[in-house]
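# how would this look folded up:
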Amino acid sequence: MLKKVIMLMLCMSMVGSVVWSQEASSSENETITVKKSDLPPAVLEKIETSNKIRQYGEWIGLGKEIGQATREGLSALTNESNKFAHTSVGKFVMFIIAWKVIGNQALRIIITLPILLFVTVIFVWAFKKHCMPFKVITEVKGSDGTVTKTVSRTCLHSKDDHFNDKTADWTLGIGLLYLACLGASLMIMLIP
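Got it, this is the predicted structure:
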């Protein structure tokens, strides 16, 4: 029974000390709500200024943290992608990315320009050979054995020469072929 009494007194003293400490701490941290109109203007201004400074400090701290996180993230990304780009797999991936961005257009230009240049050279050669007027040298032997050479230029569409009748066909054919190749080359190069 004595043990029970001692235990009861010990428990009551503990509860009393907890209640007393709680009352002491609550009196120090009490919050009082007052209307702004009841405060003097100097105190009110001081309180508002301290609130603004605290709020700006929080915003500045948040901005600083966001900036640091962004900088660290981007530097890590840059460093890791740079390391990856120097490996053989990274070089292949960079090539694939470049090919996806500009490969199709580059291939079109690389293939189309030489074809266009070749067709233009062939057109100029064929046009000069078959469509331009040319010199004809005729030799006439006289009755006394003298040879007379005459130089004349033939026209493209003269009715006197059988070859020149085909010249118009050559001109039309070569011109149409050139225009078809030019149009096809431009379509390959420009149409996505």
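
# Identify the residue nearest the geometric centre of this structure.
Residue closest to the average C-alpha location in the chain (Cα atoms, centre = their mean): Val101, at 7.6 Å.

# what residues go with each domain of this protein?
40-86, 103-192 (automatic domain parsing).

# so which of those domains is the most packed in?
domain 103-192 (a mean of 12; mean count of other Cβ atoms under 10 Å). For the C-beta atoms, the positions are set from N, CA and C on the backbone; glycine is no exception.

# mean confidence score for that one?
When pLDDT is averaged over domain 103-192, the result is 72.

# same thing with stretch 46-58?
Mean predicted confidence for stretch 46-58 is 85.

# May I have it exported as CSV, CA atoms only?
This file holds the C-alpha atoms of stretch 46-58, laid out as CSV (Å, rounded to 0.1, in the frame of the first residue of the first chain):
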residue,chain,number,x,y,z
LYS,A,46,7.9,49.6,-38.6
ILE,A,47,5.8,46.4,-38.6
GLU,A,48,4.8,46.7,-42.2
THR,A,49,8.4,47.3,-43.2
SER,A,50,9.7,44.3,-41.3
ASN,A,51,6.9,42.1,-42.9
LYS,A,52,7.9,43.4,-46.4
ILE,A,53,11.6,42.7,-45.7
ARG,A,54,10.8,39.2,-44.5
GLN,A,55,8.7,38.5,-47.6
TYR,A,56,11.3,39.9,-50.0
GLY,A,57,13.9,37.8,-48.2
GLU,A,58,11.9,34.7,-48.8
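
# Centre of the chain to it, how far?
Relative to the chain's own centre, stretch 46-58 is displaced by 45 Å; criterion: Cα atoms, centre = their mean, to the nearest Å.

# Just tell me which of the domains of the chain ends up closest to Met9.
domain 40-86 (48.6 Å; Cβ to Cβ).

# returning to that earlier point: just confirm the residue nearest to the centre of the chain is within a helix.
Yes - assigned with DSSP: H, G, I helix; E, B strand; the rest coil, Val101 falls within a helix.

# tell me the helices in the protein, going along the chain?
Secondary structure of the chain, counting by DSSP state H: helices at 2-28, 41-85, 88-98, 104-130, 162-190.

# Quick check: which of these is nearest to Thr138?
helix 162-190 (14.6 Å).

# need the helices of the chain in TSV with distance to Ser143, can you?
TSV is the format used below for the helices of the chain (distance: least, Cβ to Cβ, whole Å):
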stretch	distance to Ser143
helix 2-28	148
helix 41-85	90
helix 88-98	81
helix 104-130	37
helix 162-190	29
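
# So for Val140, which of those sits nearest?
helix 162-190 (20.3 Å).
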